[in-house]
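Participant: okay, sequence plus prediction incoming.
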Amino acid sequence: MTQPVNVTVTGAAGQIGYALLFRIASGQLLGADTPVKLRLLEIPQGVKAAEGTAMELDDCAFDLLAGIDIFDDPTAGFEGTNVALLVGARPRGPGMERGDLLEANGGIFGPQGKALNAGAAEDIRVLVVGNPANTNALIAQANAPDIPAERFTAMTRLDHNRALSQLAAKTGAAVGDIRNLTIWGNHSATQYPDIFHAQIGGRPAVEVVDDQAWLEDTFIPTVAKRGAAIIEARGASSAASAANAAIDHVHDWVNGTPEGSWTSAAIPSDGSYGVPEGLISSFPVTSTGGTWEIVQGLDVNEFSRARIDASVAELTEERDAVKGLGLI
Ligand SMILES: NC(=O)C1=CN([C@@H]2O[C@H](COP(=O)(O)OP(=O)(O)OC[C@H]3O[C@@H](n4cnc5c(N)ncnc54)[C@H](O)[C@@H]3O)[C@@H](O)[C@H]2O)C=CC1
Ligand SMILES: O=C([O-])CC(=O)C(=O)O
């Protein structure tokens, strides 16, 4: 049997944690041949609930689950870890401004970055889910100077999947017939879901849709504001769909994206498409050999350019704010 892979999940006792852990343990994150050891990291108040989840994981008798450990200290929680899913974050409370939220999360992602730097395995890969995900990833990365910068990523796969589903519903196509959608920018309401390079059953998606008003007035805002719509409907933020997207992101990162198609992930910019180098921004990406690469050479029309620029401007502001707070 192959060596188990150590997977640390922070915020393990939260709603996304509950939707995520069972799927990791069943082999959906890394594949049906890869045993996993789960490391659940919580704050002290969350440890008891994490213990309950661990009992349930035991009760599933998953073949691939080689062990579960629970921690309330990041240094111990990230010791030897290969895959870190940073889900736990400080939600925005009443009256909190963006700056307050960034500062509160700096208190989480700064120490977690240091702990990853101190003890994670050589091949560590980090996915940040906790919001504001892109900038939290930047904070963790800045605190982990010995880990290659490209190992820090943030999740826009939920946005990507939401866009796929909306496009399928509009056109009557199967989700599996749609290729090469892109989410650009920040995981926030400024994100830009781009269908200009997408294909549906081999035809350009814009041609199949043939409805610019729908694109501008329905598709883009529906995808960008879906998180808020879920909160409104469910009384709680997306959890199972967020966990599903985290599984998709890491699975494709480790096992590769299918030939001839790309997905979306927020990864450190190398300056491509005019996104300032170092910002953790969503791009069209493929993965081969365990490394994300930005899809190059796409024409960006004026409509797309303005929207990409607006989201990237927000990311730049967030970066400047955390820099001002001394968090990076
Ligand atoms: N990127 C994306 O697409 C999405 C991101 N999110 C974000 O994911 C995050 C988690 O969401 P939920 O699971 O619904 O929240 P939740 O509030 O149910 O759970 C969060 C858990 O994190 C724990 N936690 C807080 N600080 C921690 C720390 N320093 N170390 C370890 N654990 C810590 C809490 O005790 C709690 O159990 C939120 O920030 C949410 O906004 C949610 C949906 C989609
Ligand atoms: O909007 C939220 O607070 C949760 C989130 O990130 C999403 O569902 O996309």
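Facilitator: That came in fine, so what should we check first? Ligands and ions are numbered 1, 2, ... in the order given.
Participant: all contacts plus neighbour counts: C-alpha atoms, from now on.
Facilitator: Noted.
Participant: residue 167 sits in which helix or strand?
Facilitator: Element membership for residue 167 (DSSP states H and E) is helix 157-171.
Participant: hmm, that helix in reach of ligand 1?
Facilitator: Yes. Using C-alpha under 6 Å from any ligand atom, helix 157-171 reaches ligand 1 at residue 158.
Participant: for that helix, buried residues please.
Facilitator: Within helix 157-171, the residues that qualify as buried are 157, 158, 159, 160, 161, 162, 163, 164, 165, 166, 167, 168, counting by 16 or more other C-alpha atoms under 10 Å.
Participant: I'd like the next helix or strand past that helix.
Facilitator: Immediately after helix 157-171, counting by DSSP H and E, sits strand 178-179.
Participant: so what strands line up beside that following strand?
Facilitator: strand 199-200 (antiparallel) (DSSP bridges).
Participant: quick one: the partner strand to chain centroid distance?
Facilitator: The chain centre lies 24 Å from the centre of strand 199-200; the measure is C-alpha atoms, centre = their mean, to the nearest Å.
Participant: quick one: mean pLDDT over it.
Facilitator: Average pLDDT, strand 199-200: 98.
Participant: which outside residues touch the helix or strand following that strand?
Facilitator: Sequence-wise, the next helix or strand downstream of strand 199-200 (DSSP H and E) is strand 203-204. Residues from elsewhere that reach strand 203-204, judged by C-alpha atoms under 8 Å, 6 or more residues apart in numbering: 196, 197, 198.
Participant: name the SS class of the nearest residue to the first one once chain neighbours are set aside, please.
Facilitator: The shortest distance from residue 196 to any residue that is not its chain neighbour, by C-alpha to C-alpha, 6 or more residues apart in numbering, is 6.2 Å, and that residue is residue 206. Here residue 206 is recorded as helix under DSSP: H, G, I helix; E, B strand; the rest coil.
Participant: what about residue 206, neighbour count?
Facilitator: 17 (other C-alpha atoms under 10 Å).
Participant: got it, and residue 293?
Facilitator: If we define neighbours as other C-alpha under 10 Å, then residue 293 has 16 of them.
Participant: please identify which residue in the stretch 101-250 of the chain comes closest to ligand 2.
Facilitator: Closest to ligand 2 within the stretch 101-250 of the chain is residue 227: 3.3 Å, counting by C-alpha to the nearest ligand atom.
Participant: list the contacts of the helix or strand harbouring that residue.
Facilitator: Applying DSSP H and E as the criterion places residue 227 in helix 226-234. Helix 226-234 has contacts (C-alpha under 8 Å, 6+ apart) with 162, 236, 237, 238.
Participant: of all these, which two lie farthest apart?
Facilitator: Using C-alpha to C-alpha, the two most remote members of those are 162 and 236, lying 17.4 Å apart.
Participant: related to what we said a few turns ago, residue contacts, the residue nearest to residue 196?
Facilitator: Contacts of residue 206 by C-alpha under 8 Å, 6+ apart are 195, 196, 198.
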